[in-house]
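*Asks:* got a predicted model here, sequence first, then my questions.
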Amino acid sequence: MFILIDCDNFFVSCERIFQPRLHNRPVVVLSNNDGCVVARSPEAKAVGIAMCSPFFKIENLLKLNDGIALSSNYELYADISSRVMNLLHSRFGSLEIYSIDEAFAQIRDTPDLFALAGSLRRDILQQIGIPVSIGIARTKTLCKIAASLAKRNFSLCRLTEPEMIKETLAETEIGNVWGIGRKTASKLNFLGIFTALELINAPLPMLRQKFGISLEKTVLELRQIPCLSAEDDENRQTVISSGSFEFEIRNKDRLLANLAEFTDCACLRLRKMQALASGIWVELHSNRFNSLHPQYNQAVLVSLNQPGDNTAAFISAASRGLEQIYRPDCWYKRAGVTLVGLEKRGTGQTNWLTDAGQTERDRRLMKAFDNINNRFGRRTVYFAVQPKQPRAFLKRDFKSPAYTTDWDQLLRVS
């Protein structure tokens, strides 16, 4: 049996922990550069604010309803997420963290599942301040549907009874099934398949021939046949760090500075996972909404001689990648890096041509680097190529304080 714990309106809920004035008001959290709505409170949904709405289009509507817009506070959200996941780890041991606000766990099928889920929900709310919805089912795909039902109804949903599953799938549009993208949904609609129930009644050989084994697994999952197991962080194959810029960038040095910032974030996560990576994908993207400039999207893989976690080595590799794909006639709106070829530290095969002594020195350097930043604050030490200010490429005019990660911004109670 699977259980999915999904934090409700996570970004907004994080902000409300420290700002009581946000309760019972329409609240939205904006994407990078205060562009679009990426999180909404129930009150914001009630006044008609849609997800991904551009801020300039809903600004007046917010003001008319005494609403408030906030910039994304990544530091706060990451810290609150870590607290939620640590609590879940203490309850379940093995945990698959699916996203910053969702996690799967496997549990035994017992009569008191609702009591367990209710107790878990109360503990997360009391100890951390985050409301959650919980879905329970025999497969991960049904668990996602159950969690969606829980959000709309009573915060808890167990989707295991055949009749309830049949009714739910009949009401679930094919595009809302986990693992089915827009293109696949469009092709299924062309075949006359519009709901999840119609999908599970379609012939499996035909689906596999036209869409491959991944869709067949989705169908089996909807039939309560588990095909997807819970995966721990140690099985993750990539680490991604990317983002868009406030303004389009053409200068190569500025692009390198931002890529170095992304690389630093990715390598920090890599070390927290006790993992090594063997290469880095570097990508650049122009602004697809700007027809005045040439459209350009390119990426390149730069491999390392030996898997590692040294930020300096990956920044150097990212610089080489930038040299290969940079075009001086283009303006860039988005960039990112992806660390690939992950393996647990100490489990891979060592390249006998590399200097073992240098590898050990790199390990000790990064350990000292992280210890200093953990003790005295993020970016106490950083690489010269990085921007002087973290996320200097982002516009965040409505950002709340870093209540939990910066001594100077701790909440003051008078």
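*Replies:* The structure has been received and is ready for your questions.

*Asks:* what's the spatially most central residue of the chain in contact with, if anything?
*Replies:* In the chain, the centroid-proximal residue (Cα atoms, centre = their mean) is residue 99; its distance is 4.4 Å. For residue 99, the contact set (Cβ atoms under 8 Å, 6 or more residues apart in numbering) is empty. All C-beta spots, glycine's among them, are computed from the backbone N, C-alpha and C.

*Asks:* low pLDDT regions in the stretch 1-150 of the chain?
*Replies:* Within the stretch 1-150 of the chain, no range satisfies pLDDT under 70.

*Asks:* quick revisit: the residue nearest to the centre of the chain and residue 5, how far apart?
*Replies:* Computed as Cβ to Cβ, to the nearest Å, the residue 99 to residue 5 distance reads 11 Å.

*Asks:* about what we covered before: identify all residues paired with the residue nearest to the centre of the chain through a beta bridge.
*Replies:* With DSSP bridges applied, residue 99 shows beta-bridge pairing to residue 102.

*Asks:* tell me how many other residues surround residue 362.
*Replies:* 18 (other Cβ atoms under 10 Å).

*Asks:* to clarify, my last question referred to residue 214.
*Replies:* 12.

*Asks:* in a helix, it, correct?
*Replies:* Yes - according to DSSP: H, G, I helix; E, B strand; the rest coil, residue 214 belongs to a helix.

*Asks:* contacts for stretch 120-129, please.
*Replies:* By Cβ under 8 Å, 6+ apart, the surrounding residues in contact with stretch 120-129 are 5, 13, 16-17, 80, 83-84, 87-88, 91, 130-132, 134, 155-156.

*Asks:* widest-spaced pair of those?
*Replies:* Maximum pairwise distance among the contacts of stretch 120-129 (Cβ to Cβ): 23.8 Å, between 16 and 91.

*Asks:* which one's more surrounded, these two?
*Replies:* For residue 16 versus residue 91, neighbours defined as other Cβ under 10 Å are more numerous around residue 16 (20 against 16).

*Asks:* of the contacts of stretch 120-129, closest to residue 307?
*Replies:* Nearest member of the contacts of stretch 120-129 to residue 307, counting by Cβ to Cβ, is residue 88, at 29.6 Å.

*Asks:* can you tell me how far residue 289 is from residue 401?
*Replies:* Residue 289 is 32 Å from residue 401, by Cβ to Cβ.

*Asks:* more neighbours, the two?
*Replies:* Per other Cβ under 10 Å, whichever of residue 289 and residue 401 has more neighbours is residue 401, with 17 against 6.

*Asks:* wait, the more buried one touches residue 409, no?
*Replies:* Yes - applying Cβ atoms under 8 Å, one finds residue 401 in contact with residue 409, separated by 3.9 Å.

*Asks:* residue ranges with poor pLDDT in the stretch 201-350 of the chain?
*Replies:* If you take pLDDT under 70 as the line, the stretch 201-350 of the chain has these spans: 230-236, 347-350.

*Asks:* would you map the strands across it?
*Replies:* 239-249, 275-285, 297-308, 332-340, 343-344 (DSSP state E, counting those that start in this stretch).

*Asks:* for those strands, which one sits closest to residue 142?
*Replies:* Closest of these to residue 142 is strand 239-249, at 27.4 Å (criterion: Cβ to Cβ).

*Asks:* contacting residues around the closest residue to residue 341 other than its chain neighbours?
*Replies:* The shortest distance from residue 341 to any non-neighbouring residue, by Cβ to Cβ, 6 or more residues apart in numbering, is to residue 278 (3.3 Å). With contact taken as Cβ under 8 Å, 6+ apart, residue 278 is in contact with 303, 304, 306, 307, 340, 341, 342, 343.
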